[in-house]
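Participant: Here is a sequence with its predicted model. Questions after.
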Amino acid sequence: MKKLLALVLCVMMFVSVLSTNAFADKARVPAHPDLDAGTIVDTPRAASNNDAIKKAKENIEYMYGALAADNAVFGTIKSMDSVIGSLAKELFKDVDEFMGIPGGKLESNTKTVLRDYIGSAIVNYLDDHRGTFETASQSWRVTLADGSNGSLTYTGKTTETGDPIYIDKDGTIYGLHNGTWYAADAGTTVWQAQHDETLDIGWTAADVTLRQEYKYDPIKYANTFAAAVSNAFSSKDGASMIEAMAYQLYSAKVLDEMGDKFDDLYDEIVDWEDGSAILSQYHFHDTLANGWFDNHNLLGADVFTPYAMMDVNDYPNTMALPDGIFVP
């Protein structure tokens with residue numbers, strides 16, 4: 001009995017400290033006046049907040065996606081450049097100098113040329129596949145009364161002459177007539193513009209510009225970039241380009257090596273002749289005076305037929321090396 005009485009007293013004490021408002025009708029949030037229209041409207045708080053949350057989530061997802069994409073792209077570039085560096089280093093390995101340019105400079109120039117070749121191939125691939133990671137949109141933009149930029153929305157209506165009717169967020173009506181933009185007088189309704197045949201409701205030229213906006217998907221971009229790199233290195237065109245570059249550069253290296261060996265042979269011939277021009281006595285021409293063979297016959301016409309010695313520079317095809325490799 002004492003326990004029950006104590007429980008009742010506790011309940012009474014708890015109730016006594018509550019505000020009497022707690023048992024009143026639920027409070028109602030009054031509507032807020034729309035200052036522009038001068039009318040009473042209900043503020044769509046929930047819808048506005050939900051839209052803000054949605055946009056914030058999209059921004060957060062984009063930032064994380066962009067960071068992941070950029071890390072993937074940078075990692076790919078580093079790996080790719082390592083391959084290019086190794087290729088250039090190997091191509092000019094043991095080359096001290098060629099065409100008056102030190103081997104180290106040739107290696108550095110070669111990396112620059114290869115980067116240009118590969119980078120151009122990647123960029124061209126990305127340009128050709130923009131639709132896989134890019135979404136483009138266009139909108140007509142105007143300067144609103146408060147100085148901010150706004151977009152025009154097509155009303156789906158046209159004037160009696162077939163000109164499209166647009167409206168901005170402030171309710172101003174715009175028309176596009178024969179390629180020129182006009183803004184209607186303040187207070188003009190869509191219905192009035194729709195039934196205005198001669199533009200006599202009051203139209204003035206308006207400054208309307210076309211704005212193009214692009215949205216990018218970071219993950220799709222990273223995947224496209226990886227495909228571009230793969231295409232640059234392993235596709236039929238990409239692989240043949242790199243192979244052609246490698247062979248041409250290697251031919252320059254071989255020419256340098258053969259040039260050194262021919263110089264050694266030249267010195268050996270000079271030592272052997274010991275100033276007596278033995279080869280000329282055999283009618284093998286004066287190699288010391290004219291190079292490795294006489295390039296004129298008795299009639300003075302150019303000929304390239306050696307009678308004793310071949311010339312390393314008389315290779316059959318033009319050596320098509322990129323000029324950038326031989327930049328001093």
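Facilitator: Thanks, I have it.
Participant: Please count neighbours and contacts with C-alpha atoms only from this point.
Facilitator: Noted.
Participant: just the strands in this protein please.
Facilitator: Ranges of strands in the chain, per DSSP state E, are 32-34, 39-41, 97-98, 101-102, 134-143, 149-151, 153-158, 164-167, 173-177, 180-184, 203-205, 209-216.
Participant: Can you add distance to Thr110 and mean neighbour count and give these back as a markdown table?
Facilitator: Formatted as a markdown table, those follow (distance: least, C-alpha to C-alpha, whole Å; neighbours: other C-alpha atoms under 10 Å):
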| stretch | distance to Thr110 | mean neighbour count |
| --- | --- | --- |
| strand 32-34 | 69 | 12 |
| strand 39-41 | 71 | 11 |
| strand 97-98 | 13 | 16 |
| strand 101-102 | 12 | 14 |
| strand 134-143 | 34 | 14 |
| strand 149-151 | 50 | 15 |
| strand 153-158 | 54 | 15 |
| strand 164-167 | 57 | 21 |
| strand 173-177 | 56 | 23 |
| strand 180-184 | 54 | 18 |
| strand 203-205 | 58 | 15 |
| strand 209-216 | 34 | 12 |
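Participant: Would you convert these into CSV that also reports distance to Tyr315 and mean pLDDT?
Facilitator: Putting those into CSV (distance: least, C-alpha to C-alpha, whole Å; pLDDT from 0 to 100) gives the following:
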stretch, distance to Tyr315, mean pLDDT
strand 32-34, 87, 37
strand 39-41, 89, 41
strand 97-98, 17, 76
strand 101-102, 21, 85
strand 134-143, 50, 86
strand 149-151, 67, 84
strand 153-158, 70, 89
strand 164-167, 71, 90
strand 173-177, 69, 88
strand 180-184, 67, 88
strand 203-205, 72, 85
strand 209-216, 52, 85
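Participant: Just put the ones you listed in CSV and tack on distance to Tyr125.
Facilitator: Formatted as CSV, those follow (distance: least, C-alpha to C-alpha, whole Å):
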stretch, distance to Tyr125
strand 32-34, 53
strand 39-41, 53
strand 97-98, 35
strand 101-102, 34
strand 134-143, 14
strand 149-151, 34
strand 153-158, 35
strand 164-167, 39
strand 173-177, 38
strand 180-184, 38
strand 203-205, 43
strand 209-216, 16
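Participant: out of the ones you listed, nearest to Ala69?
Facilitator: Ala69 sits nearest to strand 209-216 of all these, at 11.2 Å, using C-alpha to C-alpha.
Participant: center of the protein - which residue?
Facilitator: The chain has Val123 as the residue nearest its centroid, 6.5 Å off, counting by C-alpha atoms, centre = their mean.
Participant: Could you report the neighbour count for the closest residue to it other than its chain neighbours?
Facilitator: Leaving out its chain neighbours, the residue that sits closest to Val123 by C-alpha to C-alpha, 6 or more residues apart in numbering is Ala228, at 7.8 Å. Residues lying near Ala228 (other C-alpha atoms under 10 Å) number 22.
Participant: before we move on, the earlier item: can you tell me how far the residue nearest to the centre of the chain is from Glu107?
Facilitator: Going from Val123 to Glu107 by C-alpha to C-alpha, to the nearest Å gives 24 Å.
Participant: can you pull the contacts of the nearest residue to Ile167 once chain neighbours are set aside?
Facilitator: With sequence-adjacent residues excluded and distances taken as C-alpha to C-alpha, 6+ apart, Ile167 is closest to Ile173, at 4.6 Å. By C-alpha atoms under 8 Å, 6 or more residues apart in numbering, Ile173 lies in contact with 165-167, 183-185, 188-190, 193.
Participant: let's go with 6 Å and repeat that
Facilitator: Applying C-alpha atoms under 6 Å, 6 or more residues apart in numbering, we find Ile173 in contact with 166-167, 183-184.
Participant: Understood, closing this out.
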